[in-house]
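Attaching a predicted model along with its sequence, questions to come.
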Amino acid sequence: MNTIYNPNPNEWATILKRPTSSFDDVEETVKGIFKEVQQKGDQALFKYTSLFDGVNLTSLEVPFEEIEQASNQVSEELKQAIYSAKNNIEKFHSAQKTSKIELETSKGVLCWQEKRPIQKVGLYIPGGSAPLFSTVLMLAVPAKIAGCKEIVLCTPPDKNGTINPAILFTAQLCGVSKIYKIGGIQAIAAMTLGTESISKVYKIFGPGNQFVTIAKQYASQLGVAIDMPAGPSELLIYADETAIPSFVASDLLSQAEHGKDSQVILVTTSREMLLEVEKEVESQLEMLPRKEIAAIAIQNSKLLLVETEEVALALINEYGPEHFIICAKNEAYFINNIENAGSIFIGNYTPESAGDYASGTNHTLPTNGYSKSYSGVNLDSFLKAMTFQKISEKGIQNIGKVIEQMAEAEGLQAHKNAVTLRLNQLK
């Protein structure tokens, strides 16, 4: 890890730069694949699945028999763990339901807001070296609670053309409508444009690598909404002398093992803590099965020593981490003043992996500094707020003059006439 002592605020942006590609770097690749999917449909999907995933498929949808077989391949212990996590996620997201807001803004002018589900949603579930069945829970559970009618799931197949059994089991458990063996840019293109096999959706959810993230951003230019730009995982920990170095190191490594382009950062006011964590990272890294992946991510990561908590907080808010762990005696200061973070974990016994799996909060979060302007996935992500109004005869008389004057001032005579005709009839 790169150790930096008391960095100048002018250097923060450079020091904290994410190890990700820009849109320009892969834009042409993304646009090329989208164009081919638009022109050739399923044929293009088969081509790119062969090219990127190394398997030749003849159909994309996972048949019911495969889903049934998958259930038998998942151990009872894992099933129970999935049930338990699902229960906590359901509790937390069900609690986010809001009732209709109704108000008479003026006498006879009734306005209200109701939320309705997005009818068709697409869920992208990363596969590859770490098939994230936990992400199925994080996306399908709130989609179901929201009442989405059609829930489509895309995930890349392995070299044998199969999907990880835990992904299939969890998808069926959560009520996913259809599951497709397709990943990467081509999956996002299929859900955006539609093909012979895959219906176009209204909004796409889910994390992915840099290519998937940029494909989602391009999809949003083509009229399909996305949850957020959610790319390679990242974690920032603030730890003072009250933190436990082995715990801090384990959390840093838990994110580093996600992928080679992940980034983890420690910010501390304690030189001793910095040195202890550095030793622990080196020691624990040797024991990891995904050591090679984590080691590359660690090379892109930082250990930062700063002078005060105020400087630490300013730096953290500038970075805007996806995940933020607070292990500090003065934790209230950071809780009350953090402005930019996707999800926050407090205390020595709150590992980030709790949020990844089972505490109940959602783990689909904004990365790459987007926590400054985006929320993580929540129940409202799957809903639309619709406003209604009903105006009585008395109501239009109460606000009619206001509308007429404003419309006339903007030079919109037809707007004014729509009110004047009604007011004249009521005279």
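Okay, I see it.

tell me the contacts of the residue nearest to the spatial centre of the chain?
Geometric centre of the chain, nearest residue: T364, 3.2 Å, by C-alpha atoms, centre = their mean. Counting by C-beta atoms under 8 Å, 6 or more residues apart in numbering, T364 makes contact with 135, 138-139, 205-207, 227-228, 230, 376-377. For the C-beta atoms, the positions are set from N, CA and C on the backbone; glycine is no exception.

in the stretch 51-200 of the chain, which spans are strands?
101-106, 109-117, 120-124, 150-155, 178-181 (DSSP state E, counting those that start in this stretch).

which stretch among those comes nearest V30?
strand 120-124 (14.2 Å; C-beta to C-beta).

What's the mean pLDDT across the closest one?
In this model, strand 120-124 has an average pLDDT of 98.

Not counting it itself, show me its contacts.
Residues contacting strand 120-124 (C-beta under 8 Å, 6+ apart): 135-136, 139-140, 143, 148-155, 176, 183, 187-188, 191, 199-208, 212, 216, 382.

Is there a quick ChimeraX command that grabs whichever of those residues are buried?
To isolate the buried subset of the contacts of strand 120-124 in ChimeraX, counting by 16 or more other C-beta atoms under 10 Å, use the following:
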select :135,136,139,140,143,148,150,151,152,153,154,155,176,183,187,188,191,201,202,203,204,205,206,207,208,212,216,382
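
Helices of the stretch 301-427 of the chain, start to end?
Along the stretch 301-427 of the chain, counting by DSSP state H, counting those that start in this stretch, helices occupy 309-319, 331-337, 352-357, 393-409, 413-425.

Count the neighbours of N337 for me.
When neighbours are defined as other C-beta atoms under 10 Å, N337 has 13 of them.

Filter the contacts of strand 120-124 down to the ones in helices?
135-136, 139-140, 143, 187-188, 191, 212, 216 (DSSP state H).

Would you convert those residues into JSON lines that also reports pLDDT and distance to Q73?
Shown next, in JSON lines, are the ones in helices among the contacts of strand 120-124 (pLDDT from 0 to 100; distance: C-beta to C-beta, whole Å):
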{"residue": "T135", "pLDDT": "96", "distance to Q73": "19"}
{"residue": "V136", "pLDDT": "98", "distance to Q73": "16"}
{"residue": "L139", "pLDDT": "98", "distance to Q73": "22"}
{"residue": "A140", "pLDDT": "98", "distance to Q73": "20"}
{"residue": "A143", "pLDDT": "98", "distance to Q73": "25"}
{"residue": "A187", "pLDDT": "98", "distance to Q73": "23"}
{"residue": "I188", "pLDDT": "98", "distance to Q73": "28"}
{"residue": "M191", "pLDDT": "98", "distance to Q73": "27"}
{"residue": "V212", "pLDDT": "92", "distance to Q73": "26"}
{"residue": "K216", "pLDDT": "95", "distance to Q73": "31"}
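
So which of the strands of the stretch 51-200 of the chain is nearest T387?
It is, among the strands of the stretch 51-200 of the chain and with distance given as C-beta to C-beta, strand 109-117, at 5.1 Å.

E408 and Q397, how far apart?
Look at E408 and Q397: by C-beta to C-beta, to the nearest Å, they are 18 Å apart.

do the same with K181
62 Å.

Between these two, tell me which one has more neighbours.
K181 (24 against 16).

Export the ones in helices among the contacts of strand 120-124 as CSV, with columns for distance to T420.
Putting these into CSV (distance: C-beta to C-beta, whole Å) gives the following:
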residue, distance to T420
T135, 56
V136, 56
L139, 50
A140, 52
A143, 46
A187, 54
I188, 50
M191, 48
V212, 54
K216, 47
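
what sits against the closest residue to G161 other than its chain neighbours?
Once flanking residues are discounted, G161 sits nearest to V55: 4.6 Å by C-beta to C-beta, 6 or more residues apart in numbering. Contact partners of V55, counting by C-beta under 8 Å, 6+ apart, are 49, 157-161.

Read off the pLDDT value for V55.
95.

i'd like the first residue to be 33 from this point on
Got it, the first residue is 33 from now on, which makes the last one we talked about V87.

ok, so what distance separates it from L298?
For V87, the distance to L298 - C-beta to C-beta - is 40 Å.

circling back to that earlier point, point out the most buried one among the strands of the stretch 83-232 of the chain.
Most buried of the strands of the stretch 83-232 of the chain, by mean neighbour count (mean count of other C-beta atoms under 10 Å): strand 152-156, with a mean of 26.

what separates it from the chain centre, distance-wise?
12 Å (C-alpha atoms, centre = their mean, to the nearest Å).

Quick check: which of the contacts of T396 has the minimum pLDDT.
A262 (79).

So for that one, what's the nearest residue that isn't a sequence neighbour?
P239 (4.2 Å).

could you measure the one you found against K118, distance?
For P239 relative to K118 (C-beta to C-beta), the value is 19 Å.

ok, now F356?
25 Å.

Which of those two has more residues huddled nearby?
Neighbour count, other C-beta under 10 Å: between F356 and K118, F356 has more, with 27 against 19.

How many residues are close by the nearest residue to that one once chain neighbours are set aside?
Of all residues not flanking F356 in the chain, A373 sits nearest, at 4.0 Å (C-beta to C-beta, 6+ apart). A373: 24 surrounding residues under other C-beta under 10 Å.

For the spatially closest residue to P149 that is not a sequence neighbour, give me phi and psi.
Spatial nearest neighbour of P149, excluding adjacent residues (C-beta to C-beta, 6+ apart): G179 at 3.9 Å. Main-chain dihedrals, G179, degrees, to the nearest 10: phi 100, psi 20.
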